[in-house]
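K.L.:
Here is my input; please provide its structure:
(2 chains)
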Amino acid sequence: MFVVAGGWSFPQVQIFIQKTVAMTSSDNTLIQVEQVSRYYGHLCAVDNISFEMRRGEVLGFLGPNGAGKSTTMQMLSGNLAPTAGRILINGIDLLDRPKAAKAQLGYLPDHPPLYRELTVDEYLLYCARLNRIVKSKCREAVNSAKGRCGLTEVGKRLIGNLSKGFRQRIGIAQAIIHSPAVVILDEPTVGLDPIQILEIRALIRELRSEHSVILSTHILPEVQAVCDRVQIINKGKLVLSDTISGLQQRMQGASLQVALRQPPTLEVLQALDGVAEVTALADGRFRLAMAQGDDLAERLVQLSVANGWGLYELAPERITLEQVFVDITTEESTDVSEATETAA
Amino acid sequence: MMIFTIAGRELRSLFLSPLAWSILAVVQLIVAYLFLSQLDGYMEVQSQLLGMAGAPGVTEIVVTPIFGNATIILLLVVPMLTMRLVSEERRSQTLALLFSAPLSMSEIVVGKFLGVMGFLVIMVAMITLMPLSLLLGGTLDFGLLASALLGLLLLLACFTALGLFMSTLTDQPTVAAISTFGVLLMLWIIDWAGSNESGHISGLFAYLSILRHFESLLRGVFDSSDVIYYLLFVTVFIGLSIRRLDADRLQH
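P.N.:
Residues are numbered from 1 along each chain as shown, chains lettered A, B, ... in the order given. This next block holds a predicted model:
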């Protein structure tokens, strides 16, 4: 009936040119992003990003404000067409077959898309119908989504009268109502109080059992708390892609801070086995940088007792995630290819 | 199927706001007043009409002027109903819900169009009840009534399609309303230009006029070119709306 069709010709041409991209999609790859870029006029919001996501994974998307997190989320959810590159969801191209691909995903934008004049039940029922759930199963889907998001008691209330925490939960309920393979959550804990944040995190952890989750945030502990894998994006470029354990290894500082009442000379400490470098701090404190893979702490205690150094404090130093984050995002010339290699 | 889900929510949301109820009430009140004064006029001349051969009937004197006048009221009212269709959703950022659901743009746009049309059909049905009440004391020319009804609904479909398109252009409902009203009024009076002269330009303007095509239907003349004009009008603006919403994803 309608002559007008979507004009995707430009990205398709791009894809044709980029046929050289290796197709290494295994059965477990749920999302495949291939060299996706997005320009707003001349401004490049997302620059040539590629990554993959496996089934059952919680992927944290981390970046400072304006780094391109939301743009990436919008492109993954089909709200924004990439200027170049392509996105496969469960092996289905989001641009070629948008309907089939979108059936596989649930999306919570940074601002939950709620109709204030509807009640929670009406709204979720509408979302269930929009996602093509069979009419007879809609009630069931609404009830289970409400149960999982802790909304059972507010079903009859108007969305406009509910608090921000509840609205955020309705937003999440809307995203998981059709049990999609992928749930995309854009800053799900922004503007919530600490208790609500804990509840939302528990909910995300609970989602992991059935869905893969992509989470964007600029709150670092959140990533540590719920994610399996982290990707850091800065100025539109992917600068780090690592597992949480890999990130924790980065954070494990290879140094000890000790405080001694009767410290020996710097040379004595320097000569110890397994000490790479010693820095003297104030009040008889020293920072001992350890050689790789050596446990210095135990020997240091024994030596202190034997030599009467008067050890009264011994603390392994950790680099916080904040430091890693700041280091990575402030490095001007980060090699993107290097970062993606570490992920593989 | 999805189209009706969207249309249903649009219609429901309309009735959840006081706007729809007040519009229904005001339109009903004004049309009822027009109807009564028209009926009064008919009663006065009724005795003279009896003596004339080929005199116009009650349908021509009472019913079609009601429909003609109702269009002027609806010209003011429809922009208020259509202004929020897309712009409000864009403003409150709820479009993402529709965009990330497995729906095509045409389903979204046609759904919204049908939602408002549903409301207008209810309104027209209530207006039509007034002439139908005349059946209590007489009979009506049903052919003429059907033709006028068809014309009114087609005209309203045009209003709605244009309003929908204007709503996709902006995120300010009032801007959408005033521009819809402006364009509709322009199309309404476009045949005034050059109506004194007898050049081919005036013919073109007369053809473009949204009102001219309605007038013939109101006289009971069913010309397929009038109906095609309206259907084309609706299709073009729905098509443009789909394009405009698609462009939301492509660039900003």
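K.L.:
who touches the closest residue to residue A:56 other than its chain neighbours in this structure?
P.N.:
The shortest distance from residue A:56 to any non-neighbouring residue, by CB to CB, 6 or more residues apart in numbering or on different chains, is to residue A:212 (5.9 Å). In short, each C-beta sits where N, CA and C put it, glycine included. Residues near residue A:212 by CB atoms under 8 Å, 6 or more residues apart in numbering or on different chains: A:30-31, A:53-59, A:181-183.
K.L.:
Which of the helices or strands spans residue A:35?
P.N.:
Using DSSP states H and E, residue A:35 sits in strand A:29-40.
K.L.:
What's the mean pLDDT across the strand or helix carrying residue B:3?
P.N.:
For residue B:3, the host element (DSSP H and E) is helix B:2-16. The pLDDT scores in helix B:2-16 average 92.
K.L.:
likewise stretch A:235-249?
P.N.:
On average, stretch A:235-249 scores 81.
K.L.:
and what of stretch A:108-123?
P.N.:
Averaging pLDDT along stretch A:108-123 gives 92.
K.L.:
Show me what counts as buried in that stretch.
P.N.:
Neighbour counts using 16 or more other CB atoms under 10 Å in any protein chain shown place A:108-115, A:117-123 of stretch A:108-123 among the buried residues.
K.L.:
Now the terminal residues of it, how far apart.
P.N.:
14 Å (CA to CA, to the nearest Å).
K.L.:
Quick one: distance of that stretch to the chain centre.
P.N.:
24 Å (CA atoms, centre = their mean, to the nearest Å).
K.L.:
Quickly check: it near chain B or not.
P.N.:
Yes - on the criterion CB under 8 Å from any CB of the partner chain, stretch A:108-123 is in touch with chain B at A:109, A:111, A:113-118, A:122.
K.L.:
Give me the subset of those residues lying in helices.
P.N.:
residue A:122 (DSSP state H).
K.L.:
I'd like the residues of stretch A:108-123 next to chain B as a markdown table, with distance to residue A:197 appended.
P.N.:
Formatted as a markdown table, those follow (distance: CB to CB, whole Å):
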| residue | distance to residue A:197 |
| --- | --- |
| A:109 | 18 |
| A:111 | 17 |
| A:113 | 21 |
| A:114 | 19 |
| A:115 | 25 |
| A:116 | 23 |
| A:117 | 28 |
| A:118 | 26 |
| A:122 | 28 |
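K.L.:
Can you report how many residues lie near the closest residue to residue B:111 other than its chain neighbours?
P.N.:
Spatial nearest neighbour of residue B:111, chain neighbours left out: residue B:6 (2.7 Å); criterion: CB to CB, 6+ apart. For residue B:6, the tally of surrounding residues (other CB atoms under 10 Å in any protein chain shown) stands at 24.
K.L.:
For residue 166, grab the count of nearby residues.
P.N.:
The chain I'm using is chain A. Per other CB under 10 Å, the neighbour tally for residue A:166 reads 18.
K.L.:
sorry, should have said chain B
P.N.:
By other CB under 10 Å, neighbour count at residue B:166 equals 28.
K.L.:
Backbone dihedrals for it, please?
P.N.:
phi -60, psi -30 (degrees, to the nearest 10).
K.L.:
for residue A:229, same thing?
P.N.:
Torsion angles, degrees, to the nearest 10, at residue A:229: phi -140, psi 150.
K.L.:
Close to chain B: what parts of chain A are there?
P.N.:
By CB under 8 Å from any CB, the part of chain A that sits against chain B consists of A:1-4, A:6-7, A:40-41, A:74, A:77-81, A:98-100, A:102-103, A:105-107, A:109, A:111, A:113-118, A:122, A:126-127, A:129-132, A:174.
K.L.:
Just these: which are in strands?
P.N.:
Among the residues of chain A next to chain B, the members falling in strands (DSSP state E) are A:40, A:105-107.
K.L.:
Among those, which one lies nearest to residue A:203?
P.N.:
When these are ranked by distance to residue A:203 (CB to CB), residue A:106 comes first, at 13.2 Å.
K.L.:
Report the beta-bridge partners for that closest one.
P.N.:
Taking DSSP bridges as the rule, residue A:106 bridges to residue A:183.
K.L.:
Distance of residue A:55 relative to residue A:212?
P.N.:
Residue A:55 sits 6 Å away from residue A:212, going by CB to CB, to the nearest Å.
K.L.:
So for chain B, the centremost residue is which one?
P.N.:
What sits nearest the mean C-alpha location of chain B, by CA atoms, centre = their mean, is residue B:156, with 1.5 Å.
K.L.:
Tell me the confidence at it?
P.N.:
Looking at residue B:156, its pLDDT reads 95.
K.L.:
Quickly find the element holding it.
P.N.:
Using DSSP H and E, residue B:156 falls within helix B:142-169.
K.L.:
can you pull the buried residues of that helix?
P.N.:
For helix B:142-169, a neighbour-count test (16+ other CB under 10 Å) marks B:144-145, B:147-149, B:151-152, B:154-169 as buried.
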